[in-house]
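J.: pasting the sequence and the predicted coordinates here, then a few questions.
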Amino acid sequence: MLLALASVALAAVTAVTRFPRGLIVLALVLVALAAAWHGVLRRGALRAGGIVLAIVALAAALVLLLDRDPIAVIIVVATAAGALASARAAFAVRAQLPSVSAPAHPVLIFNPRSGGGKAARFQLAEEARRRGIEAVELSPGTTLEQLVDDALARGADAIAMAGGDGSQAVVAAAAARAGIPYACIPAGTRNHFALDLGVDRDDVVGALDALVDGGERRVDLAEVNGQVFVNNVSLGLYADAVQHAGYRDAKLRTLLDTIPEVAGADAHVPPLSWTDADGLVHEGGLALLVSNNPYRLGRALGSGTRPRLDTARLGVAVVVPAGGIHSGVLEQWSSPAIEVDGQGVLPAGIDGEAAQLDAPLRFTIRPAALRVRIATQHPGASPAAALPDNVWSGLRALVRIAVARSA
């Protein structure tokens, strides 16, 4: 907290003593943001011109900041970064999960291609067998669903998946149907589900201990038209991007190339209709995200994570398309169910995988549907689980933490 206050105080003093340079820097930053947005909405020379202007404006702002007293600016940035890191550490939580008996026949299914070959790099199959876990490789010519069904037929009483979030959803759905424990092994690229479950994404091998002496918790599963997803379903901008064949190899470039199609001056906004938190029906949406429990968005700490996975509510976030009174605004709410209508087949991204869904899309939540095993050395809770909702509640919480530790 002291670092945060020091950062704010030093920034205020620097801004006052450098007036009107602070206003000029702010104006340059705004110009850079506007130019960058203009660039991504267009193609070719117009895009290049907007991006070049944004770079020039940012460079000019940086020169003005560092011209006279660079030490003060560096200290402000360093103290702000230190304050965020300290707050993240202060609000870190470790769940005390109920201990449970180890399964008699645990099975690990691993995708050797996920995460750039993490399974081979960490020798997951060997590590699993060393722990008494049967290891099954997902190989070409077989489907994940088939491997899961075969494992259950052989008497598997717990199942783990080492792969991306799309694969995690398939195995989690099967485990929920069978009523057996499931473990998430973070061997994919980003491992968003593992992060929000409280699995240490840097401890791939240690995650296997969930099926040896781990604790257990129950979390929700979400569905769209009967298909289970563990993270989210996206419609609009991101959904259009993942449909492109080159998305996996060049994600940022593909996303930038897709933006003009759905947000440019001549864009065709997807014909979607959705209902907001007040029960009002809206048409269109630059991007719509329906998630298995609400995300924490637009915050300095924990943005892009879900504080809980057991609220029995879907998270809904919509970016309103250009032209309206709330143009570009992110609206967010939660609901136990939502229906999104459209025309014909709608492109979607389900846990990051491309899909085509028949409208209308009916989203539901299945409370406490999945038994999750987590290694005892892992946090067992989302990094956002204890984060406050606003600055003032955060300051009060930090004071309580400081007083408690002093006592």
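T.: Received, thanks. Numbering: from 1, shown residues only.

J.: which regions of the stretch 51-200 of the chain sit below the pLDDT cut-off?
T.: Within the stretch 51-200 of the chain, the segments meeting pLDDT under 70 span 65-92.

J.: which phi and psi does Asp150 have?
T.: phi -70, psi -40 (degrees, to the nearest 10).

J.: tell me how many other residues surround the closest residue to it other than its chain neighbours.
T.: Distances taken as CB to CB, 6 or more residues apart in numbering put Val136 closest to Asp150, at 8.0 Å, once the chain neighbours are dropped. The C-beta positions use only the backbone N, C-alpha and C, and glycine is treated the same way. Val136 has 20 neighbours, counted by other CB atoms under 10 Å.

J.: kindly report the same for Val204.
T.: A count of neighbours around Val204, defined by other CB under 10 Å, yields 24.

J.: now Leu64
T.: Counted with other CB under 10 Å, Leu64 comes out at 15.

J.: check Glu137 too.
T.: So Glu137, with other CB under 10 Å, has 15 neighbours.

J.: so what sits opposite it in the bridge?
T.: Phe110 (DSSP bridges).

J.: pretty sure it sits against Arg113.
T.: No: shown here, Glu137 and Arg113 do not form a contact pair, counting by CB atoms under 8 Å, at 10.3 Å.

J.: what's stretch 311-319 in contact with?
T.: For stretch 311-319, the surrounding residues in contact (CB atoms under 8 Å, 6 or more residues apart in numbering) are 220, 222, 232, 236-237, 274, 276, 282, 285-295, 297, 306, 328-338, 363-365, 367-368.

J.: go ahead and confirm the residue nearest to Asp150 touches Ile109.
T.: Yes: taking CB under 8 Å as the definition, Val136 is a contact partner of Ile109 at 5.0 Å.

J.: what is in contact with the two at once?
T.: Counting by CB under 8 Å, 6+ apart, the residues touching both Val136 and Ile109 are Leu147, Ala151.

J.: now the strands for the stretch 251-400 of the chain?
T.: Secondary structure of the stretch 251-400 of the chain (DSSP state E, counting those that start in this stretch): strands located at 273-275, 281-283, 287-292, 314-319, 330-335, 337-340, 345-350, 353-358, 361-374.

J.: direction included, what does the third one pair up with?
T.: When you say that, I think you mean strand 287-292. Neighbouring strands of strand 287-292 in its sheet, by DSSP bridges, are strand 232-236 (antiparallel), strand 314-319 (antiparallel).

J.: just want the angle from that strand to strand 361-374.
T.: Strand 287-292 and strand 361-374 are oriented at 50 degrees to each other (axes from the mean of the first three to the mean of the last three CA atoms, to 10 degrees).

J.: name the residues that touch strand 287-292?
T.: For strand 287-292, using CB under 8 Å, 6+ apart, the contacting residues are 220-222, 224, 229-238, 272, 274, 295, 306, 309, 314-319, 338, 340, 363, 365.

J.: what's the angle from that strand to strand 345-350?
T.: 50 degrees.

J.: again with the longest one
T.: For strand 361-374 and strand 345-350, the angle between their directions (the same axes, to 10 degrees) works out to 20 degrees.

J.: helices and strands around strand 361-374, which ones?
T.: Here strand 361-374 touches helix 165-178, strand 182-185, helix 210-213, strand 215-224, strand 232-236, strand 314-319, strand 337-340, going by 3 or more CB pairs under 8 Å, 6 or more residues apart in numbering; DSSP states H and E.

J.: buried residues, it. List them.
T.: Neighbour-count burial for strand 361-374 flags Leu361, Phe363, Ile365, Arg366, Ala369, Leu370, Arg371, Val372, Arg373, Ile374 (criterion: 16 or more other CB atoms under 10 Å).

J.: contacting residues around the closest residue to the first one other than its chain neighbours?
T.: Looking back up the chat, that one is Leu361. Spatial nearest neighbour of Leu361, excluding adjacent residues (CB to CB, 6+ apart): Val340 at 4.4 Å. For Val340, the contact set (CB under 8 Å, 6+ apart) comprises Leu235, Leu272, Ser273, Trp274, Leu288, Val290, Leu346, Ala359, Pro360, Leu361, Phe363.

J.: could you export these as CSV, including pLDDT and distance to Pro181?
T.: Output for the contacts of Val340, formatted as CSV (pLDDT from 0 to 100; distance: CB to CB, whole Å):
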residue, pLDDT, distance to Pro181
Leu235, 89, 32
Leu272, 77, 37
Ser273, 80, 40
Trp274, 78, 35
Leu288, 88, 33
Val290, 95, 27
Leu346, 88, 34
Ala359, 89, 36
Pro360, 91, 34
Leu361, 93, 30
Phe363, 95, 26
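
J.: so where's the stretch 201-350 of the chain uncertain?
T.: Within the stretch 201-350 of the chain, the stretches with pLDDT under 70 are 238-271, 276-278, 284-285, 299-302, 320-329.

J.: 90 instead?
T.: Applying pLDDT under 90 to the stretch 201-350 of the chain flags the ranges 235-288, 297-304, 318-333, 341-347.

J.: now Phe363: how far from Arg371?
T.: Separation of Phe363 from Arg371 (CB to CB, to the nearest Å): 23 Å.

J.: want to throw the buried residues of strand 361-374 into a markdown table with distance to Val25?
T.: Below are the buried residues of strand 361-374 laid out as a markdown table (distance: CB to CB, whole Å):
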| residue | distance to Val25 |
| --- | --- |
| Leu361 | 45 |
| Phe363 | 44 |
| Ile365 | 46 |
| Arg366 | 50 |
| Ala369 | 51 |
| Leu370 | 49 |
| Arg371 | 53 |
| Val372 | 48 |
| Arg373 | 51 |
| Ile374 | 46 |
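
J.: wouldn't Asp351 be in contact with Val170 here?
T.: No: counting by CB under 8 Å, Asp351 does not reach Val170; the two are 9.5 Å apart.
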